[in-house]
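# sequence and predicted structure, then a few things I'm wondering about:
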Amino acid sequence: MPRLFTGIEIPAEVGLQLSTYRGGLPGARWIDPQNYHITLRFLGDIDERMAEDVLSVLGESRRRDPVNVTLDSLDTFGGSKPRTVFARAVATNGINDLQAEQERLVRRVGLPPEKRKFTPHVTLARLRDASPIDVADYFATRGHFRKLIFTARRFVLFSSRDSVGGGPYVVEAAYPLG
C-alpha cells in the first residue's frame, strides 16, 4: 500500500539556499535538501487500485500555466509546542488554484476531503522536544530571510516509505504546467 502525496519540487539551487538554515536547533531532525517540496495534497496510505485512479485523474488537470513560487520567511507550526520549522510560500492564486483543483480531482475518485487548511510551505525540520525558547533563539540568530523565487513547471505525485516523514521521496508521475 503506497503512501502518496502531490507536490511541487524545489529546484536544487533553491534547496541549496534553504539548506543554509540547517543546524543550531536542539531537537531538530533536518530534512535532506533533495527531499524539499511543497505538499499540495496528502493522499495517505491507499491501495493499488486507488493509486491507479489517482494517477489517472491527476492527468486530467486543466491547470496548464507554470506557477510562480516565492518563499518569503521562516516559521513554525505547533505554537507553544513547536513541531516543525518551515519556509513559508506566499499563497498566490496560482498555488491555491492548483491545490484546489487537485482536491476536487482526488475527491472525485473517492478520497475524503482534506481536513487541514492549506498552508503552502517547505518543511526544513521536524522537531522533537524542542522548547519554544530554543525555537525563538533559532529564529533570532537566522537574521533576515532573503526571498527565494522560482517557477514550477510541473507538479508531481510522490511516494514515500512508511515513516515519521522526511523522505526519501520518489517521483511516481509528473504532470506539466505550461
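On my side now, so go ahead.

# read off the pLDDT value for the closest residue in space to L43 that isn't next to it in sequence.
The spatial neighbour of L43 that comes closest, neighbours along the chain excluded (Cβ to Cβ, 6 or more residues apart in numbering), is L4 at 4.2 Å. All C-beta spots, glycine's among them, are computed from the backbone N, C-alpha and C. For L4, the pLDDT comes out at 93.

# L4 touches D53, doesn't it?
No. Applying Cβ atoms under 8 Å as the test, L4 and D53 come out as separate, 11.2 Å apart.

# higher neighbour count, those two?
L4 (22 against 17; other Cβ atoms under 10 Å).

# mind telling me what element the more buried one is part of?
L4 is part of strand 3-9, with elements assigned from DSSP states H and E.

# partner strands of that strand, parallel or antiparallel?
Taking DSSP bridges as the criterion, strand 3-9 forms sheet pairs with strand 37-45 (antiparallel), strand 154-160 (antiparallel).

# residue farthest from the centroid of the protein?
Relative to the mean C-alpha coordinate of the chain, counting by Cα atoms, centre = their mean, the farthest residue is I133 (25.7 Å).

# wait, a helix at that one?
Yes. Per DSSP: H, G, I helix; E, B strand; the rest coil, I133 lies within a helix segment.

# tell me the angle of the biggest helix by length in the chain relative to strand 154-160?
If you go by DSSP state H, the chain has its longest helix at helix 93-108. For helix 93-108 against strand 154-160, the angle by axes from the mean of the first three to the mean of the last three Cα atoms, to 10 degrees is 50 degrees.

# distance of R3 from G23?
28 Å (Cβ to Cβ, to the nearest Å).

# which of the two has more neighbours?
Taking neighbours as other Cβ under 10 Å, R3 and G23 compare with R3 leading, 18 against 10.

# got a markdown table for the strands paired with strand 3-9, with mean pLDDT, distance to K117 and mean neighbour count too?
Output for the strands paired with strand 3-9, formatted as a markdown table (pLDDT from 0 to 100; distance: least, Cβ to Cβ, whole Å; neighbours: other Cβ atoms under 10 Å):
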| stretch | mean pLDDT | distance to K117 | mean neighbour count |
| --- | --- | --- | --- |
| strand 37-45 | 95 | 13 | 19 |
| strand 154-160 | 94 | 19 | 20 |
